[in-house]
Every structure is written in C-alpha cells, then in structure tokens.
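**Q** sequence? don't have it. structure:
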Ligand SMILES: Nc1ncnc2c1ncn2[C@@H]1O[C@H](COP(=O)(O)OP(=O)(O)OP(=O)(O)O)[C@@H](O)[C@H]1O
C-alpha cells in the first residue's frame, strides 16, 4: 500500500521512553505519550520544570536514544540512530582548549561525512566558511585565539558556529544561554534570530527562560513534571522580525505571564493543564 509522506519535519507519534528494562517493566517512563508535529523551518521552544524530561526529549530527537514505544520521523525518515542532519549546542560551550576558535568550529567537518572524506582536500574552503560564520556572529578578529582568550558569551557564539558549520537541517539547543549575563544573553538571542532568519533550519530550544522562548520561538511547548508530557502548546503570533523592543510590550508580557501560569500549574500538580 502506498503511504503518503509525513508533511512534518519532526513527527513524534505517541512516543514513550523508559531508560532501561527494569524501569520499563515498572512502567516508569521519563517521557510519555509525546505527539509532536513540527513544520519545516519552524522554531520551537520547550519549557518545563527541572527534571521533566526536556533533555530526554532532545536525546530522542537526535537519535541518541530510541523510544520504548511509538514512532519518530525526522525529515521523513524513521530515526534509527544518531542523526547527521542535526547540530547541537549546550549550556557549557565545551570548546577544546588546545584548538583555536576557527579549528573548534571546523571540528564537525573533520568528523561528519560527507565532509570528513574531503576534509584535507577542501580544508581551505571549509576554513573560509568557518571564518565567515564567525564574522557573522561578531567574532571577527578572534578566529585564531584560543577559547581561554574569549569571554563566556564569545565562547558560546563559537559553539553555535560549530553546531551550524555542517549546515544542519536541525539545530538543537539545550539551555545554550543559561550561564550568560542578561545583556550577553539578549545579544545572543539576536544572533540566533538572524542566523535562523537567513538559513531557516529547524530549531528545538530547551530553556528555563520564558522571555527567551517567547522572543525566539514560533511555538512554545510546556512539559509537565516527570514523567514528562507535553501539556501546553502556545503559538507565538508576535510579528517578525522581532526586535528586543518587543520584549517591553504588553502583548509580550502577557504571553510570558500566561506561560508562567502554566509552569506554576505543572510544578504544583504535575498534572495536565488544558492545551
Ligand atoms: N540515564 C538515565 N537513567 C535513568 N533515568 C534517567 C536518566 N537520565 C534521566 N533520567 C530521568 O529521566 C527524567 C527526565 O530527566 P531529564 O534529564 O530529561 O530532565 P530535564 O527536564 O532535562 O531536567 P533539567 O531541567 O533539570 O535539566 C528524570 O526523572 C531523570 O531522573
């Protein structure tokens, strides 16, 4: 029978994950009943209380973990192992201290096929690409410095460049700006906004910062306490392009406030609230 291709870029159908066999037997799931449909190029943010399963969700979305039940399609393909079409950045920039900024950014091209096979032959071209990306995020002049010569915000910019150098279709960000001061964080929101506007990769952003989620995302999902479920889906219909000024508007404040109410509800009860 001919099957219609999934119209979604990310398509989770009733996905459950228990971390091991014993937990599965005891019906102890880290995340449960996840149904998530994400359009091509959509920017989603996931917020929720600590330990609700946000990182577990990320592991499922990148194929680092296989679901105990349910089905995951990314870019029409069933996920069967770690995905090459994704780039990742975390709270800690984790740059290699013995490599310069540009060499850190080049790292995925040394590891991920098809780049890896051509790395020696195309090094110059790849390096040019890395330098252009670094320029774009405001790190021009720092390409040949070592990580310890950069501020925390600069290191995080480099780490985002490293996540994007192989032009992934999907960027996964787990609390990428969590360790930065408020001003630097907002600067990086704008950098991410600009990169996404230009390249339209899919983004899955995990954050504790509701303002960040509302400023950046098309859609915000709220997860409930463990076992993690998606209990609220909020479309952010603020016009784009969004400037930081928007964060001071009543409309923006109202959405943040509404999401805060949902988080408060799931923190207290862990129960579902009406989507
Ligand atoms: N390797 C593991 N083995 C068993 N249980 C795990 C493992 N990793 C996570 N868990 C459990 O799965 C649940 C979800 O954890 P997860 O790390 O996904 O939450 P989180 O929302 O990312 O937390 P935080 O916001 O604190 O980073 C928690 O109950 C956690 O104890």
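**A** Ah, there it is. Everything quoted here is computed from the prediction, not taken from an experiment. Numbering: from 1, shown residues only.
**Q** Show me the helices in this structure, by range?
**A** Listed in chain order, the helices of the chain (DSSP state H) span 21-25, 54-61, 101-111, 115-136, 152-164, 182-199, 210-216, 250-269.
**Q** For those, give me TSV that also has distance to residue 234 and mean pLDDT.
**A** To be clear about C-beta, it is placed using only N, CA and C from the backbone, and glycine gets the same treatment. Shown next, in TSV, are those (distance: least, C-beta to C-beta, whole Å; pLDDT from 0 to 100):
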stretch	distance to residue 234	mean pLDDT
helix 21-25	31	95
helix 54-61	16	93
helix 101-111	33	95
helix 115-136	30	93
helix 152-164	25	93
helix 182-199	18	92
helix 210-216	9	97
helix 250-269	6	91
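**Q** among these, which is nearest residue 46?
**A** helix 54-61 (5.4 Å; C-beta to C-beta).
**Q** List the buried residues for the closest one?
**A** 54-61 (16 or more other C-beta atoms under 10 Å).
**Q** Closest one of the residues you listed to residue 106?
**A** residue 58 (24.0 Å).
**Q** and the closest one, what does it touch?
**A** Neighbouring residues of residue 58 by C-beta atoms under 8 Å, 6 or more residues apart in numbering: 64, 88, 172, 174, 204, 206.
**Q** most surrounded residue in those?
**A** residue 204 (26 neighbours; other C-beta atoms under 10 Å).
**Q** Now do the contacts for that one.
**A** 10, 38, 44-46, 58, 61, 170-173.
**Q** Name the nearest of those residues relative to the ligand.
**A** Set against the ligand, the nearest of those by C-beta to the nearest ligand atom is residue 58 (7.7 Å).
**Q** And for residue 256, the neighbour number?
**A** Residue 256 has 19 neighbouring residues, counting by other C-beta under 10 Å.
**Q** Distance-wise, check it relative to the ligand.
**A** Separation of residue 256 from the ligand (C-beta to the nearest ligand atom, to the nearest Å) stands at 19 Å.
**Q** residues in contact with that residue?
**A** So residue 256 contacts 210-211, 214 (C-beta under 8 Å, 6+ apart).
**Q** how about the residues of the stretch 101-250 of the chain near the ligand?
**A** residue 226 (C-beta under 6 Å from any ligand atom).
**Q** For the ligand, what's its nearest residue on the stretch 101-250 of the chain.
**A** For the stretch 101-250 of the chain, C-beta to the nearest ligand atom, closest residue to the ligand: residue 226, 4.1 Å.
**Q** In space, what's closest to residue 98 - neighbours in sequence excluded?
**A** residue 146 (7.7 Å; C-beta to C-beta, 6 or more residues apart in numbering).
**Q** Report the contact partners of the one you found.
**A** Here residue 146 is in contact with 97-101 (C-beta under 8 Å, 6+ apart).
**Q** one step back: keep only the buried residues of helix 54-61 that also lie close to the ligand.
**A** Among these, the ligand is touched by 54-56 when using C-beta under 6 Å from any ligand atom.
**Q** No more questions from me, cheers.
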